[in-house]
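> Just to be clear, the model below is a prediction. Sequence and coordinates:
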Amino acid sequence: MPVYNGMPFLPETLDCLLNQTESNFELVVVDDGSTDATPSILAEAARHDRRIRVISLAHGGIVSALNAGLAAARAPLIARMDADDLCLPERLALQRQVLEADPELGLVASQVAYGGDAAVNRGFALFVDWTNGLVDPRDIRLKRFVETPLIHPTVMFRRECVTRFGGYRDGDFPEDYELWLRWLDRGVRMAKLPRELVTWREREDRLSRVHPRYSETAFYRCKAEYLARYLCEEAGPHRRVAVWGAGRTTRKRAAFLAEFGVTIAAFIDIDPRKVGQRIGGVPVWDKESLPDPGDTFVLAYVGNRGARDLISAHLEERGYREGRDYLLAA
């Protein structure tokens, strides 16, 4: 659990962790150079509970704090937690049971309760609903290029994943999303418990809201490398790649793929003003003129949730199969 200036939520978070039904754990807290009362709160808590181990660093940011925690952790299973979130008493026990029961799983997350104002932050609340719906390993794997399929402070994973595939990377991208994409790319199976074991607080100063590494452009650039790898493996050299959506935003998203060697053969659009035209030298097809799936792999690069459902239904009707012949992205 990394923490930087954790007041006023840190005491409540510590309390929910120290009262887990699974008592056999060590809580590694990485204090990232806090300047508020965080150090004294942690010192006092560690005096009363020997399971707490505090690592104090000069302020270096979230990635260095996370990796310091990984390096210090000694258990074969590692759970993540943020210093301003809450979890149910049975969280660690339930996730441990899942990993011990299925040796093929490398990571298990949970659903989250949205700890914010859903009316004010409707987009964020809709994202929580969407990610809560991804439970099965197949859904997590296939939907990973839409948005991040896992909420970071809900995960528990095997130390072996870190040893084999590396920990958090520092750069102009969201460190957790990059980790999931890299591990999934290497074949790590991930699942999610269909229970809201963590309450994810929504705060205006949350890093995912204020730091440029979590900007919309950073997400596009981050996923492009791994999406290009997926297209290379699934589409192969014998199939063209067509992008569904010819609008400016979709073209901007697709442009990142060119940096990793993906050539867009066509755009697909329902706007009659675009169909039959060429945009940036790329032809725009009508959805009804799609070739057979054996000829073309479709990347549905449309951000609207309802539109993605309609696109998926149309492609399935045409014989395309998700993952094999098309992929939803955003």
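Thanks, I have the structure now. Model, not experiment: these values are computed from the prediction. Residues are numbered from 1 along each chain as shown.
> Leu227 belongs to a helix?
Yes: according to DSSP: H, G, I helix; E, B strand; the rest coil, Leu227 belongs to a helix.
> For burial, what's the neighbour tally of the closest residue in space to it that isn't next to it in sequence?
In this structure, Leu227 finds its nearest non-sequential neighbour in Phe145, 5.1 Å apart by C-beta to C-beta, 6 or more residues apart in numbering. Every C-beta, even on glycine, is put in place using the N, C-alpha and C of the backbone. One way to gauge burial is a neighbour count; for Phe145, by other C-beta atoms under 10 Å, it gives 22.
> Likewise for Pro283?
Here the number of neighbours of Pro283 (other C-beta under 10 Å) works out to 16.
> just the one 10 residues further on next, same as before
Using other C-beta under 10 Å, Pro293 has 17 neighbouring residues.
> What of Leu42?
Residue neighbour count, defined by other C-beta under 10 Å, stands at 24 for Leu42.
> contacting residues for it?
Leu42 makes contact with Val3, Leu10, Val29, Asp31, Ile52, Val54 under the criterion C-beta atoms under 8 Å, 6 or more residues apart in numbering.
> For the chain, name the helix or strand with the lowest mean pLDDT.
With mean pLDDT, DSSP states H and E as the measure, the helix or strand of the chain carrying the lowest mean pLDDT is helix 207-210 (a mean of 55).
> Sticking with the closest residue to Asp102 other than its chain neighbours, tell me its helix or strand.
Excluding the flanking residues, the one nearest Asp102 by C-beta to C-beta, 6+ apart is Ala191, at 7.8 Å. Following DSSP states H and E, one finds Ala191 within strand 189-201.
> That strand: how far from the chain's middle?
Computed by C-alpha atoms, centre = their mean, to the nearest Å, the chain-centroid distance of strand 189-201 equals 12 Å.
> same thing with stretch 144-163?
Centroid displacement of stretch 144-163 relative to its chain, using C-alpha atoms, centre = their mean, is 7 Å.
> Can you show me the CA trace of that stretch as PDB?
Listed next in PDB are the C-alpha coordinates belonging to stretch 144-163 (Å, rounded to 0.1, in the frame of the first residue of the first chain):
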ATOM      1  CA  ARG A 144      -8.800  -5.000 -22.300                       C
ATOM      2  CA  PHE A 145      -8.400  -2.600 -25.200                       C
ATOM      3  CA  VAL A 146     -11.600  -0.800 -24.500                       C
ATOM      4  CA  GLU A 147     -10.600   0.500 -21.000                       C
ATOM      5  CA  THR A 148      -8.700  -0.900 -18.100                       C
ATOM      6  CA  PRO A 149     -10.500  -4.100 -17.100                       C
ATOM      7  CA  LEU A 150      -9.300  -4.100 -13.500                       C
ATOM      8  CA  ILE A 151      -9.400  -1.600 -10.600                       C
ATOM      9  CA  HIS A 152      -5.900  -1.400  -9.300                       C
ATOM     10  CA  PRO A 153      -6.500  -1.500  -5.500                       C
ATOM     11  CA  THR A 154      -8.700  -4.600  -5.900                       C
ATOM     12  CA  VAL A 155      -6.100  -7.000  -7.200                       C
ATOM     13  CA  MET A 156      -4.300 -10.000  -5.700                       C
ATOM     14  CA  PHE A 157      -1.600 -11.700  -7.800                       C
ATOM     15  CA  ARG A 158       1.100 -14.200  -7.600                       C
ATOM     16  CA  ARG A 159       4.600 -13.000  -6.900                       C
ATOM     17  CA  GLU A 160       5.700 -15.300  -9.800                       C
ATOM     18  CA  CYS A 161       4.000 -12.900 -12.200                       C
ATOM     19  CA  VAL A 162       6.400 -10.100 -11.100                       C
ATOM     20  CA  THR A 163       9.400 -12.400 -11.200                       C
END
